[in-house]
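K.L.:
curious how this folds, go ahead:
(chains A and B)
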Amino acid sequence: MKILASLFLISGFFFILVAAIGVIRLPDFYTRLHASGKSETLGMILCFTGLAIYEGFNLTSAKHLIIVIFILLANPIGTHIICREAYRSNLKPWTRKEE
Amino acid sequence: MKNNVNKKVGTSQIKHFIVLTAVLFAFWILLSGKMEAKYLVIGFLTSLISAWVTLPLLRLPSETNKGYYYPFDFPYFRYAFYWLWLLKEIIKANIDIAMVVLSPKLPINPQIVEFKRSMSNPIAHVTLANSITLTPGTITMDVADGVYTIHALTDGAGEALENGQGEMMVRISRIFGEKVEGEPAKQRRGEI
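P.N.:
This next block holds a predicted model:
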């Protein structure tokens, strides 16, 4: 059980690391949102699932799973709202063609 | 549940009141963790009162303004199965993003894609926009009157949205009992 939990935690850390690297490497605002919006969601989900597995079957692990559901619903909405405000204030996306 | 476009206000208000109370009460039990009668009674009364206060605020107008929907107005089990399917897609999407971000060449070609998809239930729009944000290289930028403006990270992501993404939309339409008529009208604005 501990091995399974640590597998989940390590893969979660990996995706959060990918999100951080993506935010540094990608060229503009929208593409950075891609990295932070998706990879971070999956990383957090994997981390909390790992913690729930480590905890075993009790009330605390149920709370971890509730956190997972909230992240799954709230994180894309937050990403979408940030992106929409940038779009409505006419921030031009970076494109490869203009170079 | 199906074809409830012309639903009048109040026809199923009692049902939604009960569902909302049950959800709030379950949440209370989960967070408190105490099963003594005193706490259960306090929790039940609290959830009853908060459901009564918040139910009018949770009324969502449908797309054509003919009726109302409540946030719990969908088949729960099929919705849960949809999220399980989506979880699989999310993992695939994240592996793609990780490959793009970690590759030395950074093979990205950002573009904006638009398409129209009209659905009556606002929760269906929420689900579709959320799903698009979570799956391969696409973010929902704007949703207005069923027109989705989407930022795609790579060429492949933009193309997958036009061809493969049909599966996601058809699944959502089926869950919410909307009409599935052939292919939805799509157009591509191209690179800007």
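K.L.:
how many neighbours does the spatially closest residue to B:Y79 that is not a sequence neighbour have?
P.N.:
In space, B:Y79 comes closest to B:I175 once its chain neighbours are excluded; the distance is 6.0 Å by CB to CB, 6 or more residues apart in numbering or on different chains. In this view, the C-beta of every residue, glycine as well, is placed from N, C-alpha and C. Residues near B:I175, counting by other CB atoms under 10 Å in any protein chain shown, number 20.
K.L.:
wait, doesn't B:I175 sit right on B:Y76?
P.N.:
No: B:I175 lies out of contact with B:Y76 (CB atoms under 8 Å); the separation is 10.2 Å.
K.L.:
tell me which parts of chain A are close to chain B?
P.N.:
A:14-15, A:18, A:21-22, A:25-28, A:30-31, A:33-35, A:37-39, A:41-42, A:59, A:62-63, A:66, A:72-73, A:76-77, A:79-80, A:83-84, A:87-88, A:92-97 (CB under 8 Å from any CB of the partner chain).
K.L.:
mind listing what's buried in the helix-or-strand element of chain A with minimal mean pLDDT?
P.N.:
Within chain A, no helix or strand scores below helix A:29-34, which has a mean of 81 by mean pLDDT, DSSP states H and E. By 16 or more other CB atoms under 10 Å in any protein chain shown, the buried positions in helix A:29-34 come out as A:30-34.
K.L.:
do the same with stretch B:82-94
P.N.:
For stretch B:82-94, burial by neighbour count (16+ other CB under 10 Å) applies to B:82-83, B:86, B:90, B:93-94.
K.L.:
next: stretch A:3-13.
P.N.:
For stretch A:3-13, a neighbour-count test (16+ other CB under 10 Å) marks A:5, A:8-9, A:11-12 as buried.
K.L.:
quick one: mean pLDDT for that stretch?
P.N.:
If you average the pLDDT over stretch A:3-13, you get 90.
K.L.:
which SS state does B:I139 fall under?
P.N.:
Under DSSP: H, G, I helix; E, B strand; the rest coil, B:I139 falls in the strand class.
K.L.:
what residue lies at the spatial centre of the chain?
P.N.:
Answering for chain A, as no chain was given. With distances taken as CA atoms, centre = their mean, A:E40 lies nearest the centre of chain A, 1.7 Å away.
K.L.:
not quite, I wanted chain B
P.N.:
For chain B, the residue nearest the mean C-alpha position is B:T127 (1.2 Å; CA atoms, centre = their mean).
K.L.:
can you tell me the element it falls in?
P.N.:
Here B:T127, judged by DSSP states H and E, is contained in helix B:122-134.
K.L.:
check which element follows the longest helix belonging to chain B along the chain.
P.N.:
Secondary structure assigned by DSSP state H gives helix B:76-102 as the longest helix of chain B. Using DSSP H and E, the helix or strand that follows helix B:76-102 towards the C-terminus is strand B:111-116.
K.L.:
buried sites along that following strand?
P.N.:
By 16+ other CB under 10 Å, the buried positions in strand B:111-116 come out as B:111-113, B:115.
K.L.:
stretch B:128-142 too?
P.N.:
For stretch B:128-142, the neighbour count (16+ other CB under 10 Å) marks B:128-142 as buried.
K.L.:
ok, which of the residues you listed also contact chain A?
P.N.:
Among those, chain A is touched by B:129-130, B:133-134, B:137, B:139-142 when using CB under 8 Å from any CB.
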